[in-house]
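> okay, predicted coordinates and the sequence, questions at the end:
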Amino acid sequence: MKIFTNEQIRSIDRYTIENEGVTSLELVERAATAIACELISRWRPSHRICIFAGPGNNGADALAVGRMLIEQGYNVEIFLFNIFGKLSDECAYNRKRLLEIDNADFTEVVGGNFQPPDLSSDVVVLDGLFGSGLREPLTGGFQSLVSYINGSEAYVVSIDVPSGLFGEWNENVLSRNVVHADLTLAIQFPRLAFFIVDNAEFIGEWKVLDIELSQQEIKSSPYDYFLVEKSDARNMLRPRGLFTSKADFGNALLVAGSYGMMGAAVMGARAALRSGVGKLTVHSPRCGYNILQASVPEALFQADHHDIAITDITLKHDYNAVAIGPGIGTHDVTKKALESFIISHSSGKPLLLDADALNCISQRRHLLDALPPLSIITPHAGEFDRLFGEHNTAEERLKTAIEQSAYYQIIILLKGRYTAVVRPDGKIYFNSSGNPGLATPGSGDVLTGIIASFMAQGYIPAVAATLGAFVHGYAGDIAAERHGRYGVLASDVAECTGRAIRDIMQ
Ligand SMILES: NC(=O)C1=CN([C@@H]2O[C@H](COP(=O)(O)OP(=O)(O)OC[C@H]3O[C@@H](n4cnc5c(N)ncnc54)[C@H](OP(=O)(O)O)[C@@H]3O)[C@@H](O)[C@H]2O)[C@@H](O)CC1
Ligand SMILES: Nc1ncnc2c1ncn2[C@@H]1O[C@H](COP(=O)(O)OP(=O)(O)O)[C@@H](O)[C@H]1O
Ligand SMILES: [K+]
């Protein structure tokens, strides 16, 4: 699903109005119908619903929902904030229609002495104050109203976006000036802000409501941000022909493990094999020999000269993919080995670097310059900050990822609830699969194995990263069904990878 900016949404809106014979009022009516249906499916008519409408079309949506709920016999109280004496045409029209209803509980707030209604825990607040037309962070009376809503026990549903939050970047927005919604009903598209963890407390659960904006325009509009869903992953996965052989599925090298961290190598190797690599070699210190051969007999073992750490990374074959990092530790000898490998790596083939490989590089930042273009790094927030400096917010971190990805021409896969695959051209692919069960040791090693396997099979790095993240999350979802969100082990995720791919392809 494409994620558009405000400006793009306005232009798709305009196109729909100009080319599909729909008026702006009809779009408001469609949005309101979808919102009303959603509320009706969740609450009974006796439930008290308190609607706050602003002066623009977010308010128009809210007023229209109010009318529809009254017509369905709901117990609705509506407040329209007409502070500046200027309503959008759609808002003014919906105000008029409400006034035509006998006994509608409707209050128009025009000045400063507004007495807020009681918002107890059994009230549902519908927040239609501001949506995509927000100009600047909320101040004055709106700020007080938002504080009042946030301080109440009511269940809060926001229309389009929580009022006070911008759809994209929110650098200067204070938490107290944004509605904290329990449910956000986004009109037609989710917004970039939904995928940034800083905003999780504002957005709550979210759902996209389709108002049938022009599909043709949506398809042809360029985008910078994308939410990867099952159908996207399905389109990326190549079916396997009946006459294919191991040789068709690539040869991968996984440099992983050290004394006390051989599990990382085992999990990465299992995940790579479960996601279909043709041949896998694991390079580990000698102490890993018995462990690896016994637990992953399908993989070849290549012993380092050293007993407990990796000291020598050299490619004895022309591998289709080389992944380095899970469990290798940050011993000086390992850092040196990694440095000389990266500096002398001359084939130009992209590398995949994770975990301790990134921690090693963070102490030798010049190595980033030496990475082949389109190499993939897969940091979580901590590893990212060790590489690129401390960040106070996830939004700042994402912006840095965009800059650094372009600067070094590498793919940065920033892990989290919505893992972001940031590409050098500035495009970001957010992953939608996965659950908190994946927050378990070794989970990242499994991801590395999957991506390495896809790279070896000939998926271009950007696809291997995006598809790998989706398959990993999906395998985590299957594992959580079996073991629950507390009980998932990274080994379960590796184990479920093959089934995940099968389910996605069906
Ligand atoms: N596109 C779609 O898919 C569809 C979208 N729809 C809906 O329309 C919504 C967008 O509507 P919108 O453009 O009228 O903007 P909205 O957020 O209501 O606010 C604008 C008003 O707020 C004011 N204002 C702004 N900032 C302020 C501040 N800090 N403090 C005080 N005032 C401030 C601003 O004032 P002005 O800038 O004009 O001076 C103007 O009066 C969208 O979110 C969705 O819900 C659907 O109905 C149909 C299809
Ligand atoms: N709440 C969550 N929802 C979805 N995915 C998650 C969640 N928490 C963690 N993950 C995923 O689990 C993986 C954890 O990786 P990482 O932090 O490197 O773990 P480890 O270092 O233990 O291997 C990442 O792919 C991340 O996206
Ligand atoms: K809103």
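Thanks, I have the structure now. Since this is a predicted model, take the numbers as computed values, not measurements. Ligands and ions are numbered 1, 2, ... in the order given.

> residues contacting G250?
Contact analysis of G250 by CB atoms under 8 Å, 6 or more residues apart in numbering lists V277, G278, K279, N320, A321, S453, M455, A456, Q457, G458. Glycine gets a C-beta too; all of them are placed from N, C-alpha and C.

> quick check: closest non-adjacent residue to it.
Spatially, and ignoring its direct neighbours in sequence, G250 is nearest to A456 (3.0 Å; CB to CB, 6 or more residues apart in numbering).

> average pLDDT across stretch 265-285?
Averaged over stretch 265-285, pLDDT sits at 98.

> same check on stretch 308-318?
In the prediction, stretch 308-318 has an average pLDDT of 95.

> residues in contact with that stretch?
251, 253, 255, 257-259, 281, 283-287, 302, 304-306, 322, 324, 328-329, 331, 333-334, 336-338, 340-341, 347.

> chain center to it, what's the gap?
35 Å (CA atoms, centre = their mean, to the nearest Å).

> CA atoms only: put that stretch into CSV for me.
Output in CSV follows, covering the C-alpha atoms of stretch 308-318 (Å, rounded to 0.1, in the frame of the first residue of the first chain):
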residue,chain,number,x,y,z
ILE,A,308,36.8,-19.0,20.0
ALA,A,309,36.7,-16.0,17.7
ILE,A,310,36.7,-15.2,14.0
THR,A,311,40.1,-14.0,12.9
ASP,A,312,40.1,-14.6,9.2
ILE,A,313,37.4,-13.9,6.7
THR,A,314,38.4,-14.9,3.2
LEU,A,315,36.2,-16.1,0.4
LYS,A,316,37.2,-19.6,-0.9
HIS,A,317,34.4,-19.6,-3.5
ASP,A,318,32.4,-17.1,-5.5
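
> per-residue pLDDT, whichever residue of the stretch 251-400 of the chain sits closest to ligand 3?
Residue of the stretch 251-400 of the chain nearest ligand 3, by CB to the ion: E395 (19.8 Å). Per-residue pLDDT puts E395 at 98.

> could you pull out the helices in the stretch 101-250 of the chain for me?
140-151, 200-203, 215-220, 230-236 (DSSP state H, counting those that start in this stretch).

> for the stretch 301-450 of the chain, same thing?
332-344, 355-362, 367-370, 381-388, 394-408, 443-456.

> ligand 2 is nearest to which of those?
Closest approach to ligand 2 among those (CB to the nearest ligand atom): helix 443-456, 2.2 Å.

> still on that earlier bit, could you flag which of the contacts of G250 are buried?
Taking 16 or more other CB atoms under 10 Å as the criterion, what is buried in these is V277, G278, K279, N320, A321, S453, M455, A456, Q457.

> not counting sequence-adjacent ones, nearest residue to the second one?
Using CB to CB, 6+ apart and skipping the chain neighbours, the partner closest in space to G278 is F249 (3.3 Å).

> ok, now how distant is that neighbour from S46?
Distance, F249 to S46, using CB to CB, to the nearest Å: 60 Å.

> and what of D307?
D307 is 72 Å from S46, by CB to CB.

> then A469?
Distance from A469 to S46, by CB to CB: 45 Å.

> residue numbers of the protein in contact with ligand 3?
Within the chain, the positions lying close to ligand 3 (CB under 5 Å from the ion) are N58, D127, G131, S158, I159, S163.

> among the contacts of stretch 308-318, name the buried ones.
When these are checked against 16+ other CB under 10 Å, the ones flagged as buried are 251, 253, 255, 257-259, 281, 283-285, 287, 302, 304, 306, 322, 324, 328-329, 331, 333-334, 337-338, 341.

> report the contact partners of I410.
Applying CB under 8 Å, 6+ apart, the residues near I410 are L368, L371, P373, L374, S375, I376, I377, Q404, P424.

> switch the cut-off to 7 Å
L371, L374, S375, I376, I377, P424 (CB atoms under 7 Å, 6 or more residues apart in numbering).

> residue contacts, Y74?
Y74 touches P45, I49, counting by CB under 7 Å, 6+ apart.

> show me the residue at the heart of the protein, geometrically.
Nearest to the mean C-alpha position of the chain, by CA atoms, centre = their mean, lies Y418 at 2.6 Å.

> isn't that one up against A193?
No: using CB atoms under 7 Å, Y418 is not in contact with A193, being 11.3 Å away.

> find residues that contact each of those two.
With CB under 7 Å, 6+ apart, Y418 and A193 have no common neighbours.

> nearest to Q188, of the contacts of I410?
Of all these, P424 has the smallest distance to Q188: 29.2 Å, by CB to CB.

> below-threshold pLDDT in the stretch 401-506 of the chain: ranges please.
The model of the stretch 401-506 of the chain has no residue with pLDDT under 70.

> F249 and S46: which is more packed in?
The neighbour comparison of F249 against S46 (other CB atoms under 10 Å) goes to F249, with 19 against 9.
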